[in-house]
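Enquirer: let's see this in three dimensions:
(one chain, ligands or ions: 1)
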Amino acid sequence: MANHHSAPTHKVIEVVCLVAMDQDNQILATQRAEDKPLGLLWEFPGGKIDTGESAEEALRREIVEELGIELGALTRLPAVTHVYDFGTIQLIPFLSKVNTRPLLGELQAHAAARWIALDEWDQLQWAPADLPIIEMLQKSELSK
Ligand SMILES: Nc1nc2c([nH]c(=O)n2[C@H]2C[C@H](O)[C@@H](COP(=O)(O)OP(=O)(O)OP(=O)(O)O)O2)c(=O)[nH]1
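Expert: All right, here's what the predicted structure looks like:
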């Protein structure tokens, strides 16, 4: 008989994402394209780490590709693991504190982008894996 309690045998997909935070502690949220998995849910921009890349290299690459922005200093935050029905992702956030909001290029991978206050996070429908990150940001000194 199959053991339904066994750990998933599929591999963990490593994903990096950007928490851009402005001086008012507003964060940049991006909406996934409709035709992608988790379509139209909101997330932190980023993507999968390619073979041979470090997490930080992957994030810098993704953010240039998706938003046309070159990132400055980044602080790596604790990763969260989330099990979706299509696989398990390990989501690695990096914080970028900005004095002025960067001007976004034309969106290459997203349906929309907006800056929102941390305490207004529930105005958006987030990808489930992101919720622990938002909770961590709200509790943390990072947003003080
Ligand atoms: N980028 C990003 N992906 C997230 C977040 N939260 C979350 O659950 N995910 C999931 C959605 C996807 O299953 C996976 C990332 O895939 P992606 O489609 O963004 O990655 P990618 O740009 O490398 O895409 P592709 O080349 O495979 O199309 O992680 C998040 O905050 N940012």
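
Enquirer: for residue 18, what are its contacts?
Expert: 28, 44, 45, 46, 59, 62, 63, 71, 93, 94, 96 (CB atoms under 8 Å, 6 or more residues apart in numbering). Backbone N, C-alpha and C define where each C-beta goes, glycine included.

Enquirer: out of the residues you listed, which touch the ligand?
Expert: 44, 46 (CB under 6 Å from any ligand atom).

Enquirer: using a markdown table, lay out the contacts of residue 18 together with neighbour count and distance to residue 18.
Expert: Formatted as a markdown table, the contacts of residue 18 follow (neighbours: other CB atoms under 10 Å; distance: CB to CB, whole Å):
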| residue | neighbour count | distance to residue 18 |
| --- | --- | --- |
| 28 | 22 | 7 |
| 44 | 24 | 6 |
| 45 | 25 | 5 |
| 46 | 24 | 6 |
| 59 | 27 | 6 |
| 62 | 23 | 8 |
| 63 | 24 | 6 |
| 71 | 18 | 7 |
| 93 | 26 | 8 |
| 94 | 23 | 6 |
| 96 | 19 | 6 |
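
Enquirer: what does the residue lying closest to residue 133 once chain neighbours are set aside show for phi and psi?
Expert: Distances taken as CB to CB, 6 or more residues apart in numbering place residue 93 nearest to residue 133, at 5.2 Å, with adjacent residues excluded. Dihedral angles of residue 93 (phi, psi; degrees, to the nearest 10) stand at phi -90, psi 150.

Enquirer: hang on, residue 72 in a helix?
Expert: No - in this structure, residue 72 is coil, not part of a helix, as judged by DSSP: H, G, I helix; E, B strand; the rest coil.

Enquirer: list the buried ones in the longest helix seen in the chain?
Expert: Criterion DSSP state H: the longest helix present in the chain is helix 55-67. By neighbour count on 16 or more other CB atoms under 10 Å, the buried set for helix 55-67 is 55, 58, 59, 60, 61, 62, 63, 66, 67.
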